[in-house]
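**Q** Have a look at this fold, sequence not included:
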DNA sequence: GGCCAGGACACCA
DNA sequence: TGGTGTCATGGC
């Protein structure tokens, strides 16, 4: 293992430890089943989670939160329930495409779909229109418990401010940074991503509260560039 | 009233 | 490969 490799691992773990000790475990994903995770992953695309919660509550109230129920629900009806989550027409289509794929290829059983090597599942998820890298990886990690790191806008913002990646680093580059330097551990990836989202939401938004950010310094005493 | 949110995709150069 | 527009609601 090279000096550079050990250095990056140390800094990544230092950020993780700082966030965890300041914020505590995040208990992600906030859902009651793997299928609910997958639905939430699609609905939260570029959308505040509070809005997704309303849409999921609508689906539950209407007893639509299952592959079979969603399959027999007209697109317009589904879209109406999804309205609070924004992009509701797009997301209704994407959910329909997803459960259609699930029904045809896996008998409507998400667990069966996920119970294969993660690289296989990932390629299949990415082949479904409306499921990009972050959505696929969220499903793999939080619904399938696979050791796949989820990268999002907060991950890029925080990591580039800490000079661990270039601001324009690709999704795959950021993901490789974590997966090549950290143990292949679903529990660690789960908590790490959730903590980055918490830090991003609370300390990196339009009125940054960088002075209060638990990652203001990592364990090496390095300061982020804001 | 403007900006932003736990993206994906089509289109273009 | 990289930049831009589109999709839309709700909180601050």
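**A** Good, I have the coordinates. In this text the structure is predicted, and so the values were computed from the model without any measurement.
**Q** Okay, domains of chain A per the record?
**A** Here the domain assignment for chain A is A:34-143, A:149-226, based on automatic domain parsing.
**Q** If I average pLDDT within each of these, which one is lowest?
**A** Lowest mean pLDDT within the domains of chain A: domain A:149-226, at a mean of 90.
**Q** just to revisit the earlier point, between the domains of chain A, which one is nearest to DNA strand B?
**A** Set against DNA strand B and scored by Cβ to the nearest atom of the strand, the domains of chain A come closest in domain A:34-143, at 2.4 Å. Quick note: C-beta positions are derived from backbone N, CA and C, even for glycine.
**Q** end-to-end on that closest one?
**A** The separation between the terminal residues of domain A:34-143, taken as Cα to Cα, to the nearest Å, is 4 Å.
**Q** so, in contact with DNA strand B or not, that domain?
**A** Yes. Interface with DNA strand B: domain A:34-143 contributes A:40-41, A:44-49, A:51, A:86-87, A:90, A:128-136, A:138, A:142 (Cβ under 7 Å from any atom of the strand).
**Q** PyMOL command for the buried members of those?
**A** In PyMOL, a selection of the buried entries from those looks like this (16 or more other Cβ atoms under 10 Å):
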select buried, chain A and resi 40+41+44+45+51+86+87+128+131+133+134+135+136+138+142
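**Q** The residues of domain A:34-143 next to DNA strand B: which ones sit near DNA strand C?
**A** Applying Cβ under 7 Å from any atom of the strand to the residues of domain A:34-143 next to DNA strand B, those adjacent to DNA strand C are A:46, A:47, A:48, A:51, A:86, A:87, A:90.
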